[in-house]
Every structure is written in structure tokens, then in C-alpha cells.
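Participant: Sharing a sequence plus its predicted fold:
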Amino acid sequence: MCGIFGCILASGVPPGCLASIANDSLTALQHRGTESSGLVGTSGKDNDHFDMVRGKGLVRDVFNEDVLKSTFNESIAILGHNRYSTAGMKDAINCVQPFVVHAVVGRVAIAHNGELVNVASKRSEILKRGVGLSTDTDSELIAQIISKAIADHVRSDNSELGDISKELETVMEEVDISYSLLVMTYDRIYAIRDRYGNRPLCIGTLRPGANALKNAQNGSGQSAPFGYIVASESCALPSFAKFDREVRPGEIVEITRTGIKERYRSARLPTPAFCIFEYVYFARSDSLFEGQQVHRVRRECGMRLAKEAHIDADIVSTVPDSATAASHGYAQKSGIPYEDVLYRNSYVGRSFIQPNTELRQSSITKKFGVLTQNVSGKRVVLVDDSIVRGNTMGIIVRLLKQHGAKEVHIRVASPPIVHPCFMGINIPDTKDLIAVNKSLEDIAAEFGADSVQYLSVQGLKESVQRGIEASKYPQVGHCMACLTGEYPVDPYDF
Ligand code: SF4
């Protein structure tokens, strides 16, 4: 997935506050990537120098407050990235973004969310040009494409040094999908979304006294801008930011100290293919996409699931926390009371892949305690947002039954995942997907559950599209390829 973030201070605002804004925003985007984190800052004076702190681990492990403050004390613009890798070496430190290249115009920093579907052909094209690559990441390929475009472009005498908007159009033309991209030169930031709008990206204005959600709804908040911010999700905007809008599919937006400007919109716009799994699972519930809060969609998915896959039961519950909204929607629509059945220990770190069932169960029990008095003797509807490999569901069902559950019925608030994702999400090869070539009865038997039912494709589509205001978003479309096999571009064609 990855979380990307950029911020630039308005003209006249002195440097000194970007470290804390960046730290808070990257922390808010932590759910999008936990492998590594990085920040790159510019003072706006030297096109050949960026300040940088990057490392492996969570935001809180990588960034020390004192180091951040001293490193970015002079910065007027900053770019940040939380990494979740699907392409490239997971453990190599040189894969940590933002990626910095030395181009003809000086240094250029790049933060990328997504995965290029034509990565193999692009990689071989670049290698054949005689350019050595130092990582396996597709983000480095983007850096090389930009770098070459800058070198190729004949710059007129009066062209601004930091302006590379023309060159960035090359990325749009050469690379189809999937990327949301932030590119920083010494004095400005560009926000770019692929022509399908596959990954999210939004822009806001920092205004003391503003409130992000309130302003998104009523357009108020007119105090003088303090700065401009761009991020994967609106949850990363500080409370004093005004949510302006999402970057449009195929758009290049330039953000300088004087404001936000659309620099390019591709003339070749296909049907949008915004990843529907942002709504289902990836994004934070309080983020806004297409004018609606993710939480609303998740709740509605649960309500539709209750209509499509009703079962008589005593309680509705969930595996905390990602399916909480859907389980409450299911409970509301079905009239069956909601009851917690699991306590989640938030202090337990990563659960490692264990070689056998006993060890896997032990690692899950460290994470979850069973609320026996709520479960014992009950018929339980257990709602989950999605099931990919199904590694943990069987263990949880067994735990609930060991604690006295009479029946456990699994209800999934999205359709079965039966195809891999080639666009930046770790949905693996079909052989690893639990729902491939299995009946619902087979899946229930594998989990030891009494029944399994999924939300229909139509149900998910309607849950998402019902809350989108047609006047503001006349062109909507969502990628559902891992559910339907209908990819926005043919992934096997490269
Ligand atoms: S294939 Fe699935 S996970 Fe990948 S972009 Fe499309 S909807 Fe999202």
C-alpha cells in the first residue's frame, strides 16, 4: 500500500514546524506501511542539498524528536513515506523512501504508492540504456524515467529551475498504472495520480482554526494559508487543515509556497479504477474518498450482508478492529444484538509465521483473549471485512468453540478474493487464496465454522457508490479485479 505525505509552508511562514507536522501525519498513515519510514526536507535555497532521515521500522522507531527538529529546522518543504513492500527487496535499507536522485536540475525526491504493472519491460528498457539500478523497486524506475525526461528536455533560458511539470508528463505517458506520486524539487512539490486514479491522494490547506472534516463538508475556513499539504488519506491532515480535494486521475498538481495549481490533466482518461479495497480494508475509517467517509461504506456493507446472508443467531461480533463498522451494520440490520467476543491486546507486536497449528494458535492467543461469558452457549455471527489466505480464521473459530460457542457463522463484508493484485496490494498468487476453487461448505469446513457467506459483488459496489455525490464526482469507477478478474489493464500483456 504505502503512505505518502508532503507539506510546504506558505510564503512568509518561517521554517521550524515541519518536523512535527510530518511526524504526526506519517503516524496517522502508519496503517499503510510498517516496514520503513523516511523524510526528506529542503530549505528552498540549495538545489543540490536535501536533509534526510530514513530507517527501517515504525514511525516512532525511525524518528527521534530531537533529531527530527534539528534536521528539518530550516526546511520549508518536506516529503514523507511509510513503506509496505510488494515489489523489491523487503529488508534492504536502500529501498527506504523517499527516493532521491541527482538530476540535471539538482536533487529530486520521490515518494511512491502503488506498483507498476509494466515493471519488467520498463526495467529492461532502462538497463538497456546503460543505467545501473541499485534496487529492485519500481519506485527507482520512476525516478529514472523522471531523471531521463529532465535530461532530455531542452530547457529554455527563462524556464524556472525547480519547475519540472513538463517532464513529469512523461511519467503519465509512459506508465499506465499504478501510482500516486509525490515529487519534490528544491522549492516545490508535485502531486500526481495515475490516469485510472488507482491509489488515493488528497490535498489540503493548513489554516489555523480550520477543521478538516467540517471544512470538507461546508467549504468554510478562510483564514490566511499557513501551508499546503498532500497525503494518501485525509486522516493524515492535521486538525487545523482544510481538506481541499482529491488529486484527480491523470492530474499533475504543483504546490509551491504561493499556492496549489493544476499543471496538467491527461487527455487520455480511461474509466476510473480506484481500488475498492481502500474502502473494504486498507484505509482508515475516518478518511474521506469521493466525498464520503470510509466508515459509512463499511457499515453499509455490513447492513447489506445482513440482508443477503441472514442467519438466526444470538449475537453478532467481530475480530477487532478492522471489521467493527461492518459488524455494527450487520447487527443493526439483522436486529441481532452486537456483543464483543474477543479482547485485543494492542501491546503485542508482529505475529510471526509459525510452522504448525499449535504455534500459530499460541501466537493468536497472545493477541486475543476470549470473552468467555459473552460466548458460552451462544450462536455467534462473526463478521470480518475480507479473507485473503484465511491463516487465522480457523484458529479464531476453534478458540471460540473451545470457550463454549454453540455455533460460529462467518460473514464476510466483501466478496471472495479469487484473483491476484498486480497494483500494489499483497494479494498473492491464486494458489494461496482460500476462496479459489472451493465451495462455501469447503471453506466453512476448513475453518471449523458452521457456515460461511460473503457479500455479493453488486452489494459491495452499491454500498460504495450510494454515498458518492454524482454532481461532484460525475466520473466514478472502481477496480474490483481481485474479485472479478476484470483488470483495468491486462497484467499479462507486459
Ligand atoms: S486488484 Fe483488488 S486490491 Fe488490487 S487494486 Fe484492484 S481492487 Fe485493489
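Facilitator: Yes, it's here. Numbering: from 1, shown residues only.

Participant: Just the local confidence number for residue 345, please.
Facilitator: Model confidence at residue 345, given as pLDDT, is 84.

Participant: actually residue 490, sorry about that
Facilitator: As summarised for this prediction, residue 490 has a pLDDT of 81.

Participant: Poorly predicted segments of the stretch 201-350 of the chain, please.
Facilitator: Regions of the stretch 201-350 of the chain meeting the criterion pLDDT under 70 cover residues 209-223, 348-350.

Participant: and residue 57, how many neighbours?
Facilitator: Residue 57 sits with 13 neighbouring residues when counted by other CB atoms under 10 Å. C-beta: built from backbone N, CA, C; applies to glycine.

Participant: Regarding stretch 5-23, how distant is the last residue from the first?
Facilitator: Between the start and the finish of stretch 5-23 there is a gap of 10 Å, counting by CA to CA, to the nearest Å.

Participant: Buried residues, it. List them.
Facilitator: 5-10, 13, 15, 17-19, 21-23 (16 or more other CB atoms under 10 Å).

Participant: mind listing which of those are in strands?
Facilitator: The strands in this structure, assigned by DSSP state E, contain 5, 6, 7, 8, 9 from the buried residues of stretch 5-23.

Participant: thinking again about what came up before, tabulate the buried residues of stretch 5-23 in a markdown table, adding columns for distance to the ligand and pLDDT.
Facilitator: What follows is the buried residues of stretch 5-23, written out as a markdown table (distance: CB to the nearest ligand atom, whole Å; pLDDT from 0 to 100):
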| residue | distance to the ligand | pLDDT |
| --- | --- | --- |
| 5 | 21 | 96 |
| 6 | 23 | 97 |
| 7 | 27 | 97 |
| 8 | 29 | 97 |
| 9 | 34 | 95 |
| 10 | 35 | 93 |
| 13 | 37 | 90 |
| 15 | 38 | 91 |
| 17 | 35 | 90 |
| 18 | 32 | 94 |
| 19 | 33 | 93 |
| 21 | 29 | 94 |
| 22 | 27 | 95 |
| 23 | 29 | 94 |
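
Participant: Pick the one among those closest to residue 302.
Facilitator: Of all those, residue 5 has the smallest distance to residue 302: 30.5 Å, by CB to CB.

Participant: could you measure the closest one against residue 180, distance?
Facilitator: Counting by CB to CB, to the nearest Å, the gap from residue 5 to residue 180 is 11 Å.

Participant: Overlap in contacts, the two.
Facilitator: Taking CB atoms under 8 Å, 6 or more residues apart in numbering as the contact rule, the neighbours common to residue 5 and residue 180 are residue 232.

Participant: residues in contact with the residue of the stretch 301-450 of the chain found nearest the ligand?
Facilitator: Ranking the residues of the stretch 301-450 of the chain by distance to the ligand (CB to the nearest ligand atom) places residue 421 first, at 3.1 Å. By CB under 8 Å, 6+ apart, the contact list for residue 421 reads 427, 481, 482.

Participant: The stretch 351-494 of the chain against the ligand: which residues are in contact?
Facilitator: Taking CB under 6 Å from any ligand atom as the criterion, the neighbours of the ligand within the stretch 351-494 of the chain are 421, 423, 425, 427, 479, 480, 481, 482.
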